[in-house]
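Visitor: next comes the sequence, and after it the predicted model I'd like to discuss.
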Amino acid sequence: MSLFRILAYFLGEALVSLWRSWRVSLLAIMTIAMSILIGGTFLLLSGNLSRVVENWRQEAKVIVYLQSSAAASDLDRVRALSSQPAWVSSVHEVSGSEASLRFRETFPSVQDVLKSWENEPLPASLEVGFDLSQASNEVFESWLETLRSDPAVIMVDEDRDWLRQLDAFIGILRGVGAVVGLALLGAAVITIGSVIRLTAYLYRDEIAVMRLVGATELYIRGPFFFEGLIQGLLGGLLAVLGLYLGFLGVNPKGSTILLGTVLVDRFLPWQTILALLGVATLAGCLGAVLSLRREDLTAE
Amino acid sequence: MRDVSFKLEPGAFAFLRGASGAGKSTLLKLIYRELEPSSGQVLVNGRNVALIPRKKVPFLRRTIGVVFQDFRLIPRRTIFENIGYLPRILGVGLPERKRLAYQTLRRVGLAHRMNSLPLQLSGGEQQRVAIARALINQPEILIADEPTGNLDPELSWEIMRLFVEINGKGTTVLLATHDPSFVQAVGGRVLSLDRGRLVGDKVVERQSRLVSISVVDPVASDQEADAGEPSS
């Protein structure tokens, strides 16, 4: 018998079996869909967040806030100190009035607060762009310390701390996603295995007849493996579809909400989608393999 | 079972007699390797079936047709699907499977019920389908375990005639029964079992009037006259 005919036989028998016991099959499909959906959601969020953090990392700056009472020579010294290292890529000076303007643009609802303050409520600052790959951490810290200790400097603010925190958060997100996804995948494997074992039990008389007329184990078990495979694949497809619909729902065109613009800005890459479908299909096969011990297929 | 030794020549018709629990079904199961003997040998065509690797047992069973008292048809599948299962897994294409099924069902007089479900048939018809299933791969040996046990007397004789007819075409038949009337009417070799032992081995003359009767399916005959090919 040609491989094509064998596969066609397995597929045909598996589809008939799925159709006959569609309720329990649907349960198995939904279980695997749920596990892939949750795992995929974590992947989608962490992937987008990683991309955002990477962008922020590239745009990270050190902000040096200057004393408004400082002498011009002191300010020149700070400017020179700020732009001195080779790994500093840009230095942009922001005046107090420009800082106030930015504040008003960023927080329009509280701009009146500034009116009650003095004419120049916010200090001037230097925005220093840098390429951290060019400097060691120790050199960078030493440079920051020098700036902080300068009497013309009020404070030095830098993005690395919260970028590190975001990195840690992404790591936790991925870890939780992996643990939850794996746990649900395990549940899905068990569910599919149970459904297939139940199907095999329901068809045990049929299986006994097949054995009697000379069917090999390949022909008896093959359709069940295909059944698990189809259940896994359908569950995976359902999960990806649900994930995409959820993505479209959260991120409609022109959305300005944080979740839409930042956390789910881009859908999963096709490689990840294929991987999710592969995992779902393998989980289905695994459920079938684990459930089909010989004694399960033996009639009373 | 113990102290059971006999040999059946090709083309023989033999009854396996004995009361319930005498070991008839056990002996048959040993032949088609549903059970393995703890000692001794069961040779089918000179091959010790106990030594056949588990994976190769299906190939033994393809050479032995088996018929049971309870028919063991798959209720969810049509008659064609039931009897066409073995050809299907042997890679026979659909048109050829239909031709084979038609020819085999015609032998048992049921060519017109190819698309029916088993439960739409009478007990006698279901048993004839089970015989057709056993015959479709043209086995050299046909084993029947109380094939008339669930049938009324008239249907039982019909089935018995069918076995005689099949045997007449060269198939070795080994038939387990506890009904002595069949043995008297059909004749042949009679192996008697009692509590797992072979206690008798004799030959009974066949009554010729039984052999001359054959089952004819009127619908199939008409179709054969018209075209000679299946229409399903």
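Guide: Great, that's in hand. All values reported here derive from a predicted model rather than from experimental measurement.
Visitor: the stretch 1-150 of chain A: strands as residue ranges?
Guide: A:61-66, A:88-94, A:125-130 (DSSP state E, counting those that start in this stretch).
Visitor: next, format those strands as a markdown table and append mean neighbour count.
Guide: (C-beta placed from N, C-alpha, C; glycine too.) Below are those laid out as a markdown table (neighbours: other Cβ atoms under 10 Å in any protein chain shown):
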| stretch | mean neighbour count |
| --- | --- |
| strand A:61-66 | 20 |
| strand A:88-94 | 14 |
| strand A:125-130 | 20 |
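Visitor: could you export the ones you listed as JSON lines, including distance to residue B:123?
Guide: Shown next, in JSON lines, are the strands of the stretch 1-150 of chain A (distance: least, Cβ to Cβ, whole Å):
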{"stretch": "strand A:61-66", "distance to residue B:123": "90"}
{"stretch": "strand A:88-94", "distance to residue B:123": "92"}
{"stretch": "strand A:125-130", "distance to residue B:123": "91"}
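Visitor: those: which one's closest to residue A:241?
Guide: Closest approach to residue A:241 among the strands of the stretch 1-150 of chain A (Cβ to Cβ): strand A:61-66, 41.5 Å.
Visitor: which bits of chain B sit near chain A?
Guide: Residues of chain B lying near chain A by Cβ under 8 Å from any Cβ of the partner chain: B:32, B:34, B:55, B:58-62, B:66, B:72-74, B:76, B:85-86, B:88-91, B:133, B:137.
Visitor: so which of the residues you listed belong to helices?
Guide: B:58, B:59, B:60, B:61, B:85, B:86, B:88, B:89, B:133 (DSSP state H).
Visitor: so which of those residues is the most crowded?
Guide: Taking other Cβ atoms under 10 Å in any protein chain shown as the neighbour criterion, residue B:133 ranks highest of these with 29 neighbours.
Visitor: that residue against residue B:82, yeah?
Guide: Yes. Residue B:133 sits in contact with residue B:82 when judged by Cβ atoms under 8 Å, with a separation of 5.9 Å.
Visitor: between those two, what contacts are shared?
Guide: residue B:73 (Cβ atoms under 8 Å, 6 or more residues apart in numbering or on different chains).
Visitor: neighbours of whichever residue of chain B sits closest to chain A, how many?
Guide: Closest residue of chain B to chain A, Cβ to the nearest Cβ: residue B:91 (3.2 Å). Residues near residue B:91, counting by other Cβ under 10 Å, number 12.
Visitor: just checking, it touches residue A:5?
Guide: Yes. Proximity of residue B:91 to residue A:5 meets the contact threshold set by Cβ under 8 Å, at 5.7 Å.
Visitor: and residue B:190, how far from residue B:157?
Guide: 18 Å (Cβ to Cβ, to the nearest Å).
Visitor: same question, residue A:42
Guide: Applying Cβ to Cβ to residue A:42 and residue B:157 gives a distance of 72 Å.
Visitor: if we can go back for a sec, quick check: phi and psi on the residue of chain B closest to chain A?
Guide: phi 90, psi 10 (degrees, to the nearest 10).
Visitor: with the one 4 residues further on instead?
Guide: Listed backbone geometry of residue B:95 is phi -60, psi -40, with angles given as degrees, to the nearest 10.
Visitor: what's the answer for the one 5 residues further on, then?
Guide: Dihedral angles phi and psi of residue B:100 (degrees, to the nearest 10) take the values phi -60, psi -40.
Visitor: residues touching it, list them.
Guide: Contacts of residue B:100 by Cβ under 8 Å, 6+ apart are B:84, B:87, B:92, B:136.
Visitor: and the first one, how many neighbours?
Guide: Think residue B:84. Counted with other Cβ under 10 Å, residue B:84 comes out at 24.
Visitor: what's near enough to touch it?
Guide: Residue B:84 neighbours (Cβ under 8 Å, 6+ apart): B:97, B:98, B:100, B:101, B:136.
Visitor: what's the burial count for the closest residue to chain B within the stretch 101-250 of chain A?
Guide: In the stretch 101-250 of chain A, the residue that lies nearest chain B is residue A:214 (3.6 Å; Cβ to the nearest Cβ). Per other Cβ under 10 Å, the neighbour tally for residue A:214 reads 23.
Visitor: pop out the phi and psi values for it.
Guide: According to degrees, to the nearest 10, residue A:214 has phi 110, psi 20.
Visitor: now do the same contact list for the residue lying closest to it once chain neighbours are set aside.
Guide: Closest residue in space to residue A:214, ignoring its immediate chain neighbours: residue B:62 at 3.6 Å, by Cβ to Cβ, 6 or more residues apart in numbering or on different chains. For residue B:62, the contacting residues are A:213, A:214, B:86, B:90, B:137, B:139, taking Cβ under 8 Å, 6+ apart as the criterion.
Visitor: and the pLDDT for the second one?
Guide: As summarised for this prediction, residue A:214 has a pLDDT of 89.
Visitor: my guess is it meets residue B:58, correct?
Guide: Yes. Taking contacts as Cβ under 8 Å, residue A:214 lies within contact range of residue B:58: 4.4 Å.
Visitor: mind listing the helices for chain B?
Guide: So, for chain B - with DSSP H - the helices run B:24-31, B:57-61, B:79-83, B:85-89, B:94-107, B:123-135, B:153-168, B:180-186, B:208-211, B:218-226.
Visitor: quick one: closest of those helices to residue A:178.
Guide: Short answer: helix B:85-89, nearest of the helices of chain B by Cβ to Cβ, at 42.5 Å.
Visitor: against which helices or strands is that closest one packed?
Guide: helix A:204-213, helix B:94-107 (3 or more Cβ pairs under 8 Å, 6 or more residues apart in numbering or on different chains; DSSP states H and E).
Visitor: in a markdown table: the strands of the stretch 1-150 of chain A, plus mean pLDDT and distance to chain B.
Guide: Shown next, in a markdown table, are these (pLDDT from 0 to 100; distance: least, Cβ to the nearest Cβ, whole Å):
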| stretch | mean pLDDT | distance to chain B |
| --- | --- | --- |
| strand A:61-66 | 89 | 71 |
| strand A:88-94 | 88 | 70 |
| strand A:125-130 | 88 | 69 |
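Visitor: with residue A:201 as the reference, name the closest of those.
Guide: Of all the strands of the stretch 1-150 of chain A, strand A:61-66 comes closest under Cβ to Cβ, at 66.0 Å.
Visitor: direction included, what does that closest one pair up with?
Guide: strand A:125-130 (antiparallel), strand A:153-158 (antiparallel) (DSSP bridges).
Visitor: just send these back as a markdown table, with distance to residue A:165 too.
Guide: Output for the strands paired with strand A:61-66, formatted as a markdown table (distance: least, Cβ to Cβ, whole Å):
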| stretch | distance to residue A:165 |
| --- | --- |
| strand A:125-130 | 19 |
| strand A:153-158 | 13 |
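Visitor: out of the ones you listed, which is closest to residue A:85?
Guide: That would be, of these and by Cβ to Cβ, strand A:125-130, which comes in at 7.6 Å.
Visitor: could I get the CA-only coordinates of that closest one as CSV?
Guide: C-alpha atoms of strand A:125-130 as CSV (Å, rounded to 0.1, in the frame of the first residue of the first chain):
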residue,chain,number,x,y,z
SER,A,125,19.4,70.7,31.5
LEU,A,126,21.8,68.9,29.2
GLU,A,127,20.4,65.8,27.4
VAL,A,128,23.4,63.5,26.7
GLY,A,129,22.9,60.7,24.2
PHE,A,130,25.4,57.8,24.4
